[in-house]
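1. Sequence and predicted structure are below.
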Amino acid sequence: MNRIARTLAEEVLQTFGEVRLRAFGTSMVPSILPGDLISIQRAALHDISLGEVVLFSQGDRLFLHRVVNRHVAQSADSSESCLITRGDRLCHDDPPICSVELLGRVVSIQRGTQRVKPTLGRGRLRQLLAYVLRASDLATRLFIHFVVWRRFVFSERKTACLVQPRSYGNPQW
C-alpha cells in the first residue's frame with residue numbers, strides 16, 4: 001500500500017473511528033484471505049487482548065496481524081507497554097508495536113457474502129492446517145484457490161436454486 005493510501009486510511013480511522021479495507025497478502029491465511037473486506041475500529045493499546053487481530057503501521061506499510069504477547073519496553077526515562085504480533089502463517093514475531101503505531105482492532109471480516117469471525121480456532125484440524133500453510137507457499141496458494149473455487153461453486157448452486165423453471169407447455173406470444 002502506498003503512503004497516500006496508508007495516510008488516508010489512518011485519517012479516516014482517527015476521524016470516524018472505523019474504516020473498511022481490502023486485505024492483501026497471505027500472512028494471515030487461513031483466518032484472513034486476500035480479498036476479504038476487513039472492518040477496523042479505533043482502539044487504545046490497553047484495550048487490546050491477546051488473540052485479537054490488530055491494524056498497525058510500521059514504516060510506510062499497514063499490517064493486520066494477531067496479538068500474541070505483551071511487552072514492556074524500557075527506556076532511560078520511562079517504560080511503555082507494547083504489543084507483540086505475528087501473522088498466523090508466519091513463524092516469527094513482528095517488532096514490538098507501541099501505542100503510536102497501533103491504529104485499531106479488527107471487528108469483522110467479510111468474505112464474499114459471509115461474515116467471518118476474526119478468531120483463530122484451537123482445534124487440532126485448524127492447528128494442522130496452520131502448520132502446513134506455514135511450511136509451504138504452494139499449500140497456501142492451493143488453499144486459497146480451493147476456498148475461491150468452493151465459494152464460486154456454492155454461490156452457483158444457490159443461484160441455480162432461485163431460478164424458476166420455464167414453462168414450455170403454453171407459450172405466450
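-> That came through, no problem. Numbering: from 1, shown residues only.
2. Quick one: distance of stretch 104-124 to the chain centre.
-> Here the centre of stretch 104-124 is set off from its chain's centre by 7 Å, with C-alpha atoms, centre = their mean, to the nearest Å.
3. er, stretch 136-154 I mean
-> 16 Å.
4. go on, stretch 45-63?
-> Computed by C-alpha atoms, centre = their mean, the chain-centroid distance of stretch 45-63 equals 11 Å.
5. which residue is nearest the middle of the chain?
-> Most central in the chain under C-alpha atoms, centre = their mean is I32, positioned 3.8 Å from the mean C-alpha point.
6. Would you mind extracting the C-alpha trace of the lengthiest strand in the chain into PDB?
-> Longest strand in the chain, counting residues (DSSP state E): strand 61-74. Taking C-alpha atoms only, strand 61-74 is exported to PDB below (Å, rounded to 0.1, in the frame of the first residue of the first chain):
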ATOM      1  CA  ARG A  61       3.100   0.000   5.400                       C
ATOM      2  CA  LEU A  62      -0.100  -1.200   7.200                       C
ATOM      3  CA  PHE A  63      -0.200  -4.700   8.800                       C
ATOM      4  CA  LEU A  64      -3.100  -6.900  10.000                       C
ATOM      5  CA  HIS A  65      -1.600  -9.400  12.500                       C
ATOM      6  CA  ARG A  66      -2.600 -11.200  15.600                       C
ATOM      7  CA  VAL A  67      -1.500 -10.200  19.100                       C
ATOM      8  CA  VAL A  68       0.500 -13.000  20.600                       C
ATOM      9  CA  ASN A  69       2.000 -11.300  23.700                       C
ATOM     10  CA  ARG A  70       2.500  -8.000  25.600                       C
ATOM     11  CA  HIS A  71       5.900  -6.500  26.300                       C
ATOM     12  CA  VAL A  72       7.100  -3.500  28.400                       C
ATOM     13  CA  ALA A  73       9.700  -1.500  26.600                       C
ATOM     14  CA  GLN A  74      12.200   0.200  29.000                       C
END
